[in-house]
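Peer 1: model this:
(one chain, ligands or ions: 1)
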Amino acid sequence: MKEFPVYERRVQFCDTDMARIVHFSKVLCMVEEAEHALLHDIGVPAVDRDGGFPKVHVEIDYRSPLRYRDIAAIHFRLLEVGSKSLSYGFRVYVGERLAAEGRITTVLIDMEGKSRVISDEWRQTLSEYVADWEDVGQLGA
Ligand SMILES: CC(C)(COP(=O)(O)OP(=O)(O)OC[C@H]1O[C@@H](n2cnc3c(N)ncnc32)[C@H](O)[C@@H]1OP(=O)(O)O)[C@@H](O)C(=O)NCCC(=O)NCCSC(=O)c1cc(O)c2ccccc2c1O
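Peer 2: Down below sits the predicted model:
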């Protein structure tokens, strides 16, 4: 099994809200940024001229706040490769501290927005990254 490298991103001022912590929606943007970067690096672009991978299901638990200048370390694992869908687990850390964790399901679509089957070539590449990470982002746990 291959593992995605940890994706690190420094929290910017514009990621934060009036409470001086990262807004909940921005955490998801950071996870999406990691997803796109990691997929791109293995030759499965999250978006290209044939379509892309919109999200159909997201669940997330916020365990502790992210703050300006923190380095968010995003651990990303592919849990399942379906016929047209991919399911991921993620954990966001600041140092040893867990900030958020959850799961995302995304579906491959064509340019008309219809779901389509993942090619054998992409499936083979992706299959090497499928990880057993059963306890990640179990809602409310
Ligand atoms: C995406 C859809 C067109 C899929 O349509 P439909 O549900 O009819 O598809 P299928 O029945 O063929 O199912 C395919 C496959 O997906 C699984 N699935 C579907 N829905 C769910 C769900 N809610 N939870 C879990 N799994 C689901 C289903 O079981 C099948 O699994 P297989 O394993 O058998 O393959 C349609 O659902 C749709 O248009 N939805 C709206 C999507 C949307 O608007 N999302 C929010 C914004 S999109 C977004 O944020 C976004 C992010 C990105 O990172 C992108 C990257 C690249 C391009 C676009 C992006 C993007 O738009």
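Peer 1: any idea which residue of the chain is furthest from its center?
Peer 2: residue 18 (25.7 Å; C-alpha atoms, centre = their mean).
Peer 1: residues from the chain in reach of the ligand?
Peer 2: Neighbours of the ligand within the chain, by C-beta under 6 Å from any ligand atom: 32, 46-47, 52-57, 82-85, 105, 107, 109, 113, 115. C-beta coordinates here come from the backbone N, C-alpha and C atoms, glycine included.
Peer 1: so how do I select the buried members of these in ChimeraX?
Peer 2: If you want just the buried ones from the residues of the chain next to the ligand in ChimeraX, going by 16 or more other C-beta atoms under 10 Å, the selection is:
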select :32,46,52,53,85,105,107,109
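Peer 1: contacts for stretch 4-12 next, please.
Peer 2: Stretch 4-12 is contacted from outside by 22, 30, 33-34, 37-38, 66-78, 129, using C-beta atoms under 8 Å, 6 or more residues apart in numbering.
Peer 1: and the residues you listed, which of them are buried?
Peer 2: Buried among the contacts of stretch 4-12 (16+ other C-beta under 10 Å): 22, 30, 34, 37-38, 66, 70, 72-78, 129.
Peer 1: among those, which lie within strands?
Peer 2: Judged by DSSP state E, the subset of the buried ones among the contacts of stretch 4-12 located in strands is 72-78.
Peer 1: so, low pLDDT: which residues of this structure?
Peer 2: Judged against pLDDT under 70, the low-scoring parts of the chain cover residues 137-141.
Peer 1: contacts only, for the residue of it found nearest the ligand.
Peer 2: Nearest residue of the chain to the ligand: residue 82, at 1.9 Å (C-beta to the nearest ligand atom). Residue 82 is in contact with residue 118, counting by C-beta under 8 Å, 6+ apart.
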